[in-house]
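>>> Sequence and predicted structure are below.
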Amino acid sequence: MAQAAKPSAEPGRRWGLVVDLDRCTGCQACVVACQAENNVPVAGEKQAGYGRWMHWIIIHRYWEGEYPNIKARFMPVMCQQCDEAPCEPVCPVFATYHNPEGLNAQIYNRCIGTRFCGNACPYKVRTYNWFRPEFPAPLTEQLNPDVTVRSRGIMEKCTFCIQRIRRAELDARAQGREVADGEIQPACVQTCPPEALIFGDLNDPESRVSQLARSRRSFRLLEELGTDPGVIYLKGGETNA
Amino acid sequence: MPESAQPRPGSESERSELDGSLLLVERTDSEINQAVLQPMLRGGRNFWILVAGLGAVVAWGLYAWGYLVTWGIGTTGKNRPVYWTLFITTFVFWVGISHAGTMISAVLRLLKVDWRRPITRGAEAMTSFALMMAALYPLIHLGRVWKFYWMIPYPNGRFMWPNFQSPLMWDLVAISTYLIGSTLYLYLALIPDMAMARDHTGGWRFQLYRALALGWRGTEAEWHKLHRALGIFSVAIIPIFLSVHSIVSWDFAVTIQPRWHSTIFAPYFVVGAIYSGLAALACILVIVRRGMRLGEFLRAEHFNALGKLVMVAGMLWTYFWFAGFLVEWYGNEPVTRELIQEEIAGRLAPLFYLQMAANLIPIGLLAFRRVRSTPRLLLLAGLSVNVGMYTERLLIVVGSLQRNDIPFNWGTYRPTWVEISIVAMTFAGFALLYILFSRIVPYVPVWEIKEGRLRYSLRRIGRLLVPTAAEIE
Amino acid sequence: MALFDEGTRTAEAIDELHALGIPADKMTVMSGVPYPERALGRQVEWLRLPYIVVAGAVAGLVFGLFLAVITPHLYRLDVGGHPTVSFAPAAVIIFVFTMLATIVSTFLGVLWEMNFPEFGPKYYHEEVTDGRLAVLVEPPDELATQARELLEKHTAHPVQLAEKKPL
């Protein structure tokens, strides 16, 4: 059982995502939702085959056993929003830094493209704009106006849909109340058909993510590296057969 | 000149003994001047053909760079997870090459080692030009090269400063420091020779040398001040050169990438840099000696001494490599084990065995005096070392990045024509700068040679005439 | 100005010129080779260079401290759970800037000490770089002939009136 995620340095929230691997079917709906929400460019078959896909969520797929007794294991891996993020201190221009809500923020217009953060990240969830991203004619109509379209030579990665977090916070503030648990839904969470993804505040002991994080099934990816990720995986039963 | 004319070798046998001595006994100062200046003035058709050939490679490389800037880093073979490839490899290689210049001129100057005299300038020039080539790579590697200035330490429009915790910032300042330091060092020691060249040339060369000599006359006070300044430089530049390659190694070692995250990286890189740098210096000296007919100044004893240094550096490299390898092998951590397996028996094995063979065989060869003092064999050994050290950097940068903690993220890498052209560009560019330099600037530090000669005299011990040094500051 | 072939005779001539009463600052010795200090029987000048270098190093240290220790507080951004300022990265930056300033101040300092660059006409002879030593004497008028005779006694080359040459 994993130790509970550390509260962020600043008082306040620490956003966390719970990924229930026992529920994940590997359907890739979250990947598509994320791509649509965050204006993630499509790399194309050839580039993707060479390891240049741009997905912010990568469904890791492992085969277990020998045919015919074979099982596919799926593990959606997005930016783990580490509290001790190895990618942050190596950036010479502060293009990635730790924001007060415990998010590992990527500031696109500061990035000069050294790709050092990509090497430093043990989860390899940072993607790089190898070419100028292209959105052929009808696709431009569905670009999300709340999210920057990144240019080439810039690192990008999962932001926990920070635009949605901000909107919910602003709405709540306008109505003079706190953001309710479950009110914020990143695109992947909203889309996930088996509800394998749950988003919330890890610093609030009553939130669903906190409760799930305390579950016997919880673990965090490469926790032994000491990166203190904000993404919590749940794995217990044999439901993924 | 009484110093040079004093005890002349009497018989043929004594003369042959003297061929290996440190003295250019039978030459007057003005003959030395001419022996150094004349090869610079003779252009020759082959020289211009060489310049044109190297220029063509540089031009092609610039085209490739333009192509990269136009279309993006995607034109190289990089991917996720192999974010750094040939550019960083070659960057490390050039920074490594640059280390021998300081090693020779500062360390040996400080220790008053006399055989350094004719080779200091060639070594310092190598440092400066290799650093210039190295400094190109961080720029090329950004892709959007015009964003480079965002790293320069001044605040942006929102008064935000760069991140001084980033090893890339350390790199920027350390390499700038080393480039500035080594170029000033080269130039300071050059001033008296610029005056010498000024006094013996005409035309555009005279104008150039006159400007560079800054009005040097060679008064006692000038010499005294120059000596003091060179002394301070020699002391100050040694910690710089140690820090530069350590900082380059920390680009890798500060990450938690398996096989990069190692505390031995800094000294291992420094020793490797000295090894490849000294070997490259030996190669360059052999080539320049032939091209510029400087056989009189660069003699067997210099190559012999340099060869010994290369050999010692090679042994040190082997030791550091082994110390790192042993611990990683013993630790048997899964990803490290996989990487070592890849090297020993996997896809990286050809590169690994090339690295070991090309680095270790020269150490054995250089144990023989005949190899050390035969320019052609020394050239071969030196080239082999550089192939080996380039491969070593390739394995560290590209080899390690292909594997990481999560097997689903493992990747492969294939270089593209853009990367190879740009790498070739810096090799050609280095050679081009170097040969142009050797035609414009006296390649052999004339005043240092004369100074060495002044401080030595020949003394007869039994049947031998031996050079003896005066114990003076 | 007199040209000499080697150091011993030059030193003798200089000693005798001193004995004649010509002050050290009226004599200049030029050579193409650095002679060891005091070899020619002349005073060694006291240099300000070490002070310039130390001042430069301190300035570099202060600038490095400013960059590594002060600037992170001017615009605070947290990275990777590191403290805003910590010893190791700051030490690297401070060290490098100290060394950079040391090197640059040594260079500028020595140029300043030598009054370089200075291209105006100065007393000089081209044969200096061919291995001769030139002794330039600016004697007071009453000693001029004596000094000239003395120099002629010691050197094989004709003693000439020094020419100023643009360098």
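Thanks, I have it. Keep in mind it's a predicted model, so treat the numbers as computed, not measured.

>>> Can you tell me the element whichever residue of chain A sits closest to chain B falls in?
Chain A approaches chain B most closely through residue A:130 (3.2 Å), counting by CB to the nearest CB. In short, each C-beta sits where N, CA and C put it, glycine included. Using DSSP states H and E, residue A:130 sits within no helix or strand.

>>> need the contact list for residue 133.
Using chain A here. A:41, A:54, A:149, A:150, A:151, A:152 (CB atoms under 8 Å, 6 or more residues apart in numbering or on different chains).

>>> ah, I was thinking of chain B
B:94, B:426, B:427, B:429, B:430.

>>> a helix runs through it, doesn't it?
Yes: when DSSP: H, G, I helix; E, B strand; the rest coil is applied, residue B:133 is found to be in a helix.

>>> what's the closest non-adjacent residue to the residue nearest the centre of chain A?
The centroid of chain A falls nearest to residue A:78 when counting by CA atoms, centre = their mean (3.6 Å). Residue nearest to residue A:78 in three dimensions, not counting chain neighbours: residue A:158, with 4.0 Å by CB to CB, 6 or more residues apart in numbering or on different chains.

>>> For that neighbour, which three-state class applies?
Quick answer, by three-state DSSP: residue A:158 is coil.

>>> try residue A:97
strand.

>>> Strands along chain B, start to end?
Assigned by DSSP state E, chain B shows strands spanning B:456-461, B:464-469.

>>> weakest of these by average pLDDT?
Ranked by mean pLDDT, the strands of chain B bottom out at strand B:464-469, with a mean of 68.

>>> sorry, back to before: looks like the residue nearest to residue A:78 contacts residue A:34 (just checking).
Yes: Residue A:158 is in contact with residue A:34 according to CB atoms under 8 Å; the separation is 7.3 Å.

>>> for chain C, what are the low-confidence residue spans?
For chain C, applying pLDDT under 70 flags the ranges C:36-45, C:155-167.

>>> any shared contact partners between residue A:158 and residue A:34?
Between them, residue A:158 and residue A:34 share the contacting residues A:56, A:57, A:78, judged by CB under 8 Å, 6+ apart.

>>> ok so, going back, take the contacts of residue A:133 and write them to JSON lines, including neighbour count and pLDDT.
Formatted as JSON lines, these follow (neighbours: other CB atoms under 10 Å in any protein chain shown; pLDDT from 0 to 100):
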{"residue": "A:41", "neighbour count": "22", "pLDDT": "91"}
{"residue": "A:54", "neighbour count": "21", "pLDDT": "90"}
{"residue": "A:149", "neighbour count": "14", "pLDDT": "92"}
{"residue": "A:150", "neighbour count": "23", "pLDDT": "92"}
{"residue": "A:151", "neighbour count": "15", "pLDDT": "90"}
{"residue": "A:152", "neighbour count": "18", "pLDDT": "90"}
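
>>> follow-up on the earlier one: got a list of what the residue nearest to the centre of chain A touches?
By CB under 8 Å, 6+ apart, the contact list for residue A:78 reads A:17, A:34, A:56, A:57, A:58, A:125, A:157, A:158, A:188, A:231.

>>> secondary structure class for the second one?
The local conformation at residue A:34, judged by three-state DSSP, is helix.

>>> phi, psi of residue A:85?
With angles defined as degrees, to the nearest 10, residue A:85 sits at phi -70, psi 120.

>>> What is the neighbour count of it?
Neighbourhood size, residue A:85 [other CB atoms under 10 Å in any protein chain shown]: 28.

>>> And the one 4 residues further on, by the same measure?
Other residues near residue A:89 number 26, with proximity taken as other CB under 10 Å.

>>> Using TSV, lay out the contacts of residue B:133 together with neighbour count, distance to chain A and pLDDT.
Output for the contacts of residue B:133, formatted as TSV (neighbours: other CB atoms under 10 Å in any protein chain shown; distance: CB to the nearest CB, whole Å; pLDDT from 0 to 100):
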residue	neighbour count	distance to chain A	pLDDT
B:94	25	18	95
B:426	25	19	95
B:427	17	24	95
B:429	20	23	95
B:430	22	24	95
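
>>> The helix ranked longest in chain B close to chain C?
Assignment by DSSP state H gives helix B:220-253 as the longest helix of chain B. Yes: looking at helix B:220-253 against chain C by CB under 8 Å from any CB of the partner chain, the contacts come from B:220-229, B:232-233, B:236-237, B:239-240, B:243, B:247.

>>> Taking the residues you listed, please make a ChimeraX selection of just the buried ones.
The buried residues among the residues of helix B:220-253 next to chain C can be selected in ChimeraX (16 or more other CB atoms under 10 Å in any protein chain shown) with this line:
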select /B:220,221,222,223,224,225,226,227,228,229,232,233,236,237,240,243,247
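
>>> Could I get the contacts of residue A:133 in CSV, plus columns for secondary structure?
What follows is the contacts of residue A:133, written out as CSV (three-state DSSP):
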residue, secondary structure
A:41, coil
A:54, coil
A:149, coil
A:150, coil
A:151, coil
A:152, coil
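
>>> Out of those, the closest to chain C would be?
Nearest member of those to chain C, counting by CB to the nearest CB, is residue A:150, at 20.5 Å.

>>> what about residue A:233, helix or strand, and which?
Counting by DSSP H and E, residue A:233 is found in strand A:231-234.

>>> cool, and residue C:57?
helix C:49-65.

>>> now the angle between helix B:220-253 and that helix, please.
On the basis of axes from the mean of the first three to the mean of the last three CA atoms, to 10 degrees, helix C:49-65 is oriented at 20 degrees to helix B:220-253.

>>> Can you name the element that comes right after helix C:49-65?
Counting by DSSP H and E, the element after helix C:49-65 in chain order, helix or strand, is helix C:71-74.

>>> Please see if that next one touches chain B.
Yes: applying CB under 8 Å from any CB, one finds helix C:71-74 in contact with chain B at C:71, C:72, C:74.

>>> if we can go back for a sec, the residue nearest to residue A:78: what's it in contact with?
Applying CB under 8 Å, 6+ apart, the residues contacting residue A:158 are A:34, A:56, A:57, A:78, A:79, A:81, A:125.

>>> what about 7 Å?
Counting by CB atoms under 7 Å, 6 or more residues apart in numbering or on different chains, residue A:158 makes contact with A:56, A:57, A:78, A:79, A:125.

>>> go on, residue A:209?
A:16, A:18, A:198, A:199, A:200, A:202.

>>> got a winner among the residues of helix C:71-74 next to chain B for most neighbours?
residue C:72 leads those on contacts (other CB under 10 Å) with 24 neighbours.

>>> Chain neighbours aside, what residue packs nearest to that one?
Closest to residue C:72 by CB to CB, 6+ apart is residue C:84, at 4.8 Å.

>>> does the one you found count as helix, strand or coil?
coil.

>>> ok, it touching residue C:73?
Yes: with contact defined as CB atoms under 7 Å, residue C:84 reaches residue C:73; the gap is 6.3 Å.

>>> Let me see the ranges of the helices in chain C.
Using DSSP H, the helices of chain C run over C:7-20, C:49-65, C:71-74, C:87-113, C:144-154.
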